[in-house]
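> need a 3D model of the sequence below.
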Amino acid sequence: MPRGLLVRMLEFLHPGPDSKSELLEALADAEQRELIEPESRQMLEGVLRMAELSAGDVMVAAPRMDLLDIDAPYDELLAAVIDTGHSRFPVFEDQRDNIIGILLAKDLLKIQRAPELNLRALLRPTVFVPESKGLNDLLRDFRSNRNHLAIVIDEFGNTAGLITIEDVLEEIVGEIEDEFDDKDGESGIYTLADGSQRVAGDTPIAQVNQAFSLQLALDEFDTIGGLVAQEHGRVPRRGEVVELAGLRFAVMLTRGGSVRWFKVTRIPKTEA
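Numbering: from 1, shown residues only. Here you go, the predicted model:
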């Protein structure tokens, strides 16, 4: 009882936060007083933000989804897997909105070793979730069902987009780094299997000029991400494409309100 009384007195003298904004201010104050690390504060704020988001807020919209056609030849499927670099793909039949299953990239290799295998037999069941499903609930489902990808449907039952467990986790921890991320000052420009380039959004414009033999202005912006955003009128979202100086900049990944990675290809002269 005495301890309970002491706790109540402390709460009266130093009441806890009564709103989300006050809680965020308390986290910022804790960081300034070095009670928590900056990374811890960012993760805690990510958890608070995630509680207000739904699948529709984070999903990759349907027009920008990378899908595989169940009737496509093996070489075409393999090329799509190599080109996009995803580990999981929704598979459709007849039309894009008719998704019949999920194919793991590693399962596609089984056909190469055993051509008699039927691609349909390799498909995993599709998980469908409504746009309104909260990210907290979705993350719980991902963990309990051991699924990593779900198809998001709108109120009419049509495909609205897709969402992965990585998309949800990145709302908490930020971008999940991969093997292409810069390490120890290495170049932010990489050549992909199809001959296109993967370019980090924070790559200096001078480096882009050198890699692509361009003469982009260096006055207003230091990075290619800033220049592309200025050309587009805003920061482009994942899957959007911006054409600049004879190049197509397709957004592969965004983080914290900026582009993390572009896929860059040259515009054919006939189109230009």
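> as a whole number, average confidence for stretch 227-244?
Averaging pLDDT along stretch 227-244 yields 87.
> ok, now stretch 36-46?
On average, the pLDDT along stretch 36-46 is 72.
> mind starting the numbering at 208 from now?
Okay, using 208 as the starting number, the last item reads as stretch 243-253.
> pull out the buried residues from it.
For stretch 243-253, burial by neighbour count (16 or more other C-beta atoms under 10 Å) applies to Ile243, Arg248, Gln249, Leu251, Glu252, Gly253. Every residue, glycine included, has its C-beta placed from N, CA and C.
> just curious, which of the residues you listed is nearest to Asp348?
Gly253 (18.9 Å; C-beta to C-beta).
> roughly how far apart are that closest one and Asn343?
Distance of Gly253 to Asn343, computed by C-beta to C-beta, to the nearest Å: 12 Å.
> please report how far Pro475 lies from Leu275.
With distances taken as C-beta to C-beta, Pro475 is found 25 Å from Leu275.
> between the two, which is the more surrounded one?
Neighbour totals were compared for Pro475 and Leu275, and Leu275 leads with 23 against 9 (other C-beta atoms under 10 Å).
> follow-up on the earlier one: tell me which of the buried residues of stretch 243-253 fall in helices.
Judged by DSSP state H, the subset of the buried residues of stretch 243-253 located in helices is Arg248, Gln249, Leu251, Glu252, Gly253.
> who touches the nearest residue in space to the third one that is not next to it in sequence in this structure?
The one in question is Leu251. Counting by C-beta to C-beta, 6 or more residues apart in numbering, Leu251 lies nearest to Leu234, which is 5.7 Å off, once chain neighbours are set aside. Leu234 makes contacts with Ile243, Arg248, Leu251, Glu252, as judged by C-beta atoms under 8 Å, 6 or more residues apart in numbering.
> for Leu234, which three-state class applies?
What DSSP: H, G, I helix; E, B strand; the rest coil gives for Leu234 is helix.
> now do it, the pLDDT please.
Predicted confidence (pLDDT) for Leu234: 72.
> also Leu346?
88.
> so it touches Thr371, yeah?
No: applying C-beta atoms under 8 Å, one finds Leu346 not in contact with Thr371, separated by 11.1 Å.
> what about those two, which has more around it?
Between Leu346 and Thr371, counted using other C-beta under 10 Å, the more crowded position is Thr371 (19 against 16).
> beta partners of that one?
Leu356 (DSSP bridges).
> now for it: which residues touch it?
Neighbouring residues of Thr371 by C-beta under 8 Å, 6+ apart: Arg295, His355, Leu356, Ala357.
> quick one, domains of this structure?
Structural domains assigned to the chain are 209-260, 263-380, 396-473, following automatic domain parsing.
> now stretch 327-341: buried residues?
Buried residues in stretch 327-341 (16+ other C-beta under 10 Å): Leu329, Leu330, Thr333, Val334, Val336, Glu338, Lys340.
> just the ones of the residues you listed in strands?
Val336 (DSSP state E).
> and the furthest pair within the buried residues of stretch 327-341?
Maximum distance among the buried residues of stretch 327-341 (C-beta to C-beta): 28.7 Å, for Leu329 and Glu338.
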